[in-house]
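Asks: Build me a model:
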Amino acid sequence: MTTREFKKAGAAMRPVVTELAEADRPGGLLLRPERRGSAVVIKFGGNAMVDESLQRTFAHDVVELWRAGLRPVVVHGGGPQISAMLDRLGLESRFEAGLRVTTPETMEVVRMVLTGRVQRELVGHINDHGPFAVGMTGEDAHTMTAVRRPAWVDGRPVDIGLVGDIVDVNPGMVRTLLDQGHIPVISPVARGEDGQVYNVNADLAASALAVALEAERLVVLTDVEGLYANWPYSTEVIERLTAEALDKMLPGLASGMLPKMEGCLQAVRGGVRTAHVLDGRVPHAVLRGVLGETGPGTTVVPDDSPDHDEQAG
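Replies: Numbering: from 1, shown residues only. Here you go, the predicted model:
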């Protein structure tokens, strides 16, 4: 995209962005003073990752948040791209308990696709707006340490291979990048104390990082409207619920939604004020969610959160 085309695209987006602000001002969105400098961790995934226009809209929104005074951090997935590469190489792509079964051969593909393709594309889209994004992985500077994750299906243990659970987060390098005015873009790959490299679910990696950074909120993009009240019998979306209510629902959730909601639960119980699961197919879902409007998705809050919404920009 040329500079002229990008300016044209940005002009087309601006009316939507302006609607989300409390008022117009030079430089972008308005934000309450107490929110300036707050970290926001965003998990980028789903259809938004494979739709070019949604990728560019997401990148634009992340930069708008930075310009408004927030400190966005992006943790990205790469499921569709990994599955496509595995198919091309003739390797099995299988899931158990909502997580990808990761053999040593699969792990090589995961690292290659996440850091060599997906991250590069996302960093590029953000940096079309200026020198903001810096790519890294959970391995870098020992940012994330993992252990092998156990899994059960129908009460029986299953082997999911080199899939890791985050047991420690060292946010020092991420904080340094934020202090320097950058937007970290992180691939969810972590090293264990045994030297083994693990594939970490991006939803859970984003949650752990949000807690370590003491972020004000976690945003998880997905391919559905939000958390359904009684799936598959109803498409009614739960707009807001407490950690306790979510905890009771976890055992009955579909495998695809389980790690997302588990990540939200861990985040709010770890000190993050708000966690959102947003429909990434909706343009500017991130801006709407972060600014606290009634957005396309579900909001999870701590048990002691007041009933009224205090999250507006």
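Asks: Count the neighbours of Arg156 for me.
Replies: Applying other CB atoms under 10 Å, we find 7 other residues in the vicinity of Arg156. From N, CA and C alone the C-beta is placed, and that goes for glycine too.
Asks: er, Glu96 actually
Replies: A count of neighbours around Glu96, defined by other CB under 10 Å, yields 16.
Asks: same deal with Val290?
Replies: Per other CB under 10 Å, the neighbour tally for Val290 reads 31.
Asks: list the contacts for it?
Replies: 40, 65, 70, 217, 219, 276 (CB atoms under 8 Å, 6 or more residues apart in numbering).
Asks: State the pLDDT value of the last one.
Replies: Predicted confidence (pLDDT) at His276: the value is 94.
Asks: Over to the fourth one?
Replies: At Arg217, the predicted lDDT confidence score is 94.
Asks: where does the stretch 151-300 of the chain have low pLDDT?
Replies: 292-295 (pLDDT under 70).
Asks: could you pull out the helices for it?
Replies: Residue ranges of the helices in the stretch 151-300 of the chain, as given by DSSP state H, counting those that start in this stretch, are 172-179, 202-212, 243-249, 258-269, 285-290.
Asks: what's the closest of these to Asp154?
Replies: With CB to CB, the closest approach to Asp154 among the helices of the stretch 151-300 of the chain belongs to helix 258-269: 13.9 Å.
Asks: so how far is the closest one from its chain's centroid?
Replies: In this view, helix 258-269 has its centroid 12 Å away from the chain centroid, taken as CA atoms, centre = their mean, to the nearest Å.
Asks: got the contact list for it?
Replies: Identification of contacts with helix 258-269 by CB under 8 Å, 6+ apart yields 43, 97-99, 201, 203-204, 206-208, 210-211, 218, 220, 222, 227, 243, 246-247, 249-250, 253, 274-277, 300-302.
Asks: Out of these, which end up buried?
Replies: The neighbour-count criterion (16 or more other CB atoms under 10 Å) marks 43, 97-99, 201, 203-204, 206-208, 210-211, 218, 220, 222, 227, 243, 246, 253, 274-277, 300-302 among the contacts of helix 258-269 as buried.
Asks: would a markdown table of the helices of the stretch 151-300 of the chain with distance to Val237 be doable?
Replies: Listed next are the helices of the stretch 151-300 of the chain as a markdown table, based on distance: least, CB to CB, whole Å:
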| stretch | distance to Val237 |
| --- | --- |
| helix 172-179 | 32 |
| helix 202-212 | 18 |
| helix 243-249 | 13 |
| helix 258-269 | 13 |
| helix 285-290 | 13 |
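Asks: Would you map the helices across the stretch 1-150 of the chain?
Replies: Per DSSP H, counting those that start in this stretch, the stretch 1-150 of the chain has helices spanning 3-20, 52-68, 79-89, 104-113, 119-127. These are given in chain order.
Asks: Can you say which of those is packed in most?
Replies: Burial of the helices of the stretch 1-150 of the chain is given as mean neighbour count (mean count of other CB atoms under 10 Å); helix 52-68 ranks first at a mean of 21.
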